[in-house]
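Engineer: starting from these lines, generate the structure:
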Amino acid sequence: MEMLDRGRNSNAHLEEMVRDVHVDISVRERSFFSNHLPGPVKQKAYIFDGHGNYFNKEWDLSEGRGREFCWYHVELPKENQKLSQYAKYLIDVLCPPLKLQDILSLVSNGPFCGHVDGALVFRVNSAGPASSNFTFRIAARVTENSVITVSLGRVPRLGFSPVGQSLLSEVPSVESPSFPSGERKEGSGILIGEHVLEFLLTMNHSEEADNPVPRSVSNLVVHIIDTFVDQLQDTVTKLEIELDSVELELDRGGSTLKKQMLDDRKFPKLHINLQRLLQVIAHGEQVFPRVKEKCSSKPWFASEDISALEELIGRLRRLKENVGFIANRVTAIQAGLDSWQSEQINRKLYYLSFLSIIFLPLSVITGVFGMNVGGVPWTAQNEPELKDGFLNVMFLCVIMLLVVLLCFAFPALYARVDGWWRKRATFKNSLSLNRKSFLKRTSAGRSQERGGYLRV
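Structural biologist: Residues are numbered from 1 along each chain as shown. You can find the predicted model right below:
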């Protein structure tokens, strides 16, 4: 009876949950047209006319007509939140017209490429803390006249801006102490700071203003994948620059810097980040060839864009090899630090062993002469008239200490004596050889004077 009651209670609980779900669905159906954009989520909407022009448009998730096509991009915040929270953000932004299966295919972790509700959906979402710089997520839903993309954080060069705002098309002049920021030389162009120049050196691409405007959906898909590969390349370049600077600091710094790096666990953390980056690249190697295969059967996907996808896949493979080289460098540096730490520990243990070897015989002597029994030699216990027992013990301790030190110094003394003996023997051999050669030369000269005959 008790088990039946428990079963009835569980069934009632399930029915209540199902009823709540139906109520929630009905409420959402009534509020289809009352969506609002959450605060931390950013959105961009463009419409392209197919002739190289684009315009900003409202967020209505409508598709283009004729040669026109639309692009809707959602930028999720890089905050450590649950995956269900990101799904909620997308539901608030993209529903309707998207359905729950579309949302799940865009926000789930791991690689995916397939058709969902008649649209091509692909994603490269790495599982990791969202706030990490080595966690990358990009997903896209592609139809013939519209593209919807979702990214975690900002993807450089993904959007579009007017050409006149490009910094790379200006003549630069770098700030220096002799050239204040408020002044500008004649013909020197725009003035940029040194930190801006260092940032630009880590970029392997141009700015948003220099992006070619896509003329078709296939151009837009190639642009999205290209910017994602550029983002990975930027991260690898920053890692290389950081690793070069760390190696220079290790060459210049001393033991304090090495201890700090070991305490901070800098290289194990860097190795973990490299493994995350390799996982993202591996996901891209799985997804992008399937995207190329599925897009090649689409009549609206251009053949030159198929070739561009093949080139991007090759870039991704070369990038994977480069990340493997960086991981080997990190492993080598960490192995060097571990060996240095082992040497420091061994040196300290050597000093402790040296001290223990010195004080061990002394402790034996003091223990023997400190026994509270009668008949201890060289003390007043055995001979009452003897007054110098303490001095005798100290004299014996000094003799034992000298013997121990001599044992430690014996290898060095032996090496010196052996080297001196070998050097003396070598010198004697050289003298004897020189004397024999001299006698041989003189005897040969005399024989030539006597007609060339040698004395037998």
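Engineer: name the residues that touch stretch 407-426?
Structural biologist: With contact meaning C-beta atoms under 8 Å, 6 or more residues apart in numbering, stretch 407-426 is reached by Phe354. For glycine as for every other residue, the C-beta is placed from the backbone atoms N, C-alpha and C.
Engineer: one more time with 10 Å
Structural biologist: 354, 357-358, 406 (C-beta atoms under 10 Å, 6 or more residues apart in numbering).
Engineer: kindly report the same for stretch 238-257.
Structural biologist: Against stretch 238-257 from outside (C-beta under 10 Å, 6+ apart): 133-134, 198-199, 201-203, 258, 260-261, 266-267, 270, 273-274, 277, 322-323, 325-327, 329-330, 333, 336-337, 340-341, 344.
Engineer: just the buried ones out of these, please.
Structural biologist: Neighbour-count burial (16 or more other C-beta atoms under 10 Å) is assigned, among those, to 134, 202-203, 258, 261, 266-267, 270, 273-274, 277, 322-323, 326-327, 329-330, 333, 337.
Engineer: out of the contacts of stretch 238-257, which sit inside helices?
Structural biologist: 198-199, 201, 258, 260-261, 266-267, 270, 273-274, 277, 322-323, 325-327, 329-330, 333, 336-337, 340-341, 344 (DSSP state H).
Engineer: what pLDDT is listed against the residue most central in space within the chain?
Structural biologist: Closest to where the C-alpha atoms of the chain average out (C-alpha atoms, centre = their mean) is Leu270, at 3.5 Å. In this model, Leu270 is scored at 86, pLDDT.
Engineer: you'd agree it is up against Ile326?
Structural biologist: Yes. Counting by C-beta atoms under 10 Å, Leu270 touches Ile326, with 8.9 Å between them.
Engineer: show me what the nearest residue to Ala139 once chain neighbours are set aside is bridged to.
Structural biologist: Spatial nearest neighbour of Ala139, chain neighbours left out: Arg123 (3.6 Å); criterion: C-beta to C-beta, 6 or more residues apart in numbering. Note on Arg123: beta-bridge partners by DSSP bridges are Phe112, Ala139.
Engineer: burial check on Arg123, number of neighbours?
Structural biologist: 22 (other C-beta atoms under 10 Å).
Engineer: now do Leu120
Structural biologist: 20.
Engineer: sec struct for it, please.
Structural biologist: strand (DSSP: H, G, I helix; E, B strand; the rest coil).
Engineer: measure it to Gly66 for me?
Structural biologist: 21 Å (C-beta to C-beta, to the nearest Å).
Engineer: same deal with Ser218?
Structural biologist: As judged by C-beta to C-beta, Ser218 and Gly66 stand 16 Å apart.
Engineer: next one: Lys44
Structural biologist: Applying C-beta to C-beta to Lys44 and Gly66 gives a distance of 23 Å.
Engineer: of these two, which one has the most company?
Structural biologist: When Lys44 and Gly66 are compared for neighbours, Lys44 comes out ahead with 16 against 8, by other C-beta under 10 Å.
Engineer: for the closest residue to Pro214 other than its chain neighbours, which residues are in contact?
Structural biologist: Residue nearest to Pro214 in three dimensions, not counting chain neighbours: Leu220, with 4.2 Å by C-beta to C-beta, 6+ apart. Each residue near Leu220 by C-beta under 10 Å, 6+ apart is listed here: 46, 48, 69-71, 140, 142, 146-147, 149, 213-214, 305.
Engineer: am I right that Leu220 falls within a strand?
Structural biologist: No. In this structure, Leu220 is helix, not part of a strand, as judged by three-state DSSP.
Engineer: now do it against Ala415, distance only.
Structural biologist: 77 Å.
Engineer: swap in Lys348?
Structural biologist: Distance from Lys348 to Ala415, counting by C-beta to C-beta: 25 Å.
Engineer: now Gln43
Structural biologist: In terms of C-beta to C-beta, Gln43 sits 79 Å off from Ala415.
Engineer: ok, now Ser245?
Structural biologist: Distance from Ser245 to Ala415, by C-beta to C-beta: 44 Å.
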